[in-house]
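Okay, predicted coordinates and the sequence, questions at the end:
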Amino acid sequence: MQSFFWGVGIFLLVNAFACLWRASAGPTVVDCILAVNIIGTKTLVVLVLLALVFGRAMLLDIALVYGLLNFVITVTAGRLLETGRLAGDQS
């Protein structure tokens with residue numbers, strides 16, 4: 001079963017490099033943000049797989065925090081793109 005997890009992890013890392021290419025060559029900023037978000041999600045899944053392979057519960061905690069940070073950063077970048085500012089009206 002561990003070899004299956006290792007294979008899935010390597011497959012996800014190869015796909016993450018394809019998304020990294022898309023992030024650097026994306027025609028629009030939205031494509032770049034989406035590619036970076038996918039890379040973050042793949043990294044989260046690889047952390048969970050490593051936690052299963054090595055039996056370390058600490059890696060699950062790190063994956064949870066990483067997922068929350070990934071979500072907050074994506075929402076913040078989307079708001080910045082949509083409105084041009086990060087905070088509400090403070091005129």
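Looks like it came in fine. Numbers count the residues shown, from 1 in each chain.

so is residue 10 in a helix, a strand, or just coil?
Under DSSP: H, G, I helix; E, B strand; the rest coil, the three-state class of residue 10 is helix.

Do you know the pLDDT at it?
Per-residue confidence (pLDDT) for residue 10: 86.

Relative to residue 1, how far out is it?
To residue 1, residue 10 is 15 Å away according to Cβ to Cβ, to the nearest Å. Every residue, glycine included, has its C-beta placed from N, CA and C.

Those two - which one has more neighbours?
residue 10 (12 against 7; other Cβ atoms under 10 Å).

So which residues make contact with the helix or strand bottoming out on mean pLDDT in the chain?
Lowest by mean pLDDT, DSSP states H and E among the helices and strands of the chain is helix 2-25, with a mean of 84. Here helix 2-25 makes contact (Cβ atoms under 8 Å, 6 or more residues apart in numbering) with 31-32, 35-36, 38-39, 42-43, 45-46, 49-50, 52-53.

can you redo those residues as CSV with distance to residue 67, secondary structure and neighbour count?
Output for those, formatted as CSV (distance: Cβ to Cβ, whole Å; DSSP: H, G, I helix; E, B strand; the rest coil; neighbours: other Cβ atoms under 10 Å):
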residue, distance to residue 67, secondary structure, neighbour count
31, 22, helix, 13
32, 20, helix, 16
35, 17, helix, 20
36, 14, helix, 19
38, 13, helix, 18
39, 13, helix, 19
42, 11, helix, 19
43, 9, helix, 17
45, 10, helix, 15
46, 12, helix, 20
49, 14, helix, 21
50, 14, helix, 18
52, 16, helix, 15
53, 19, helix, 16
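
Noted, bye for now.
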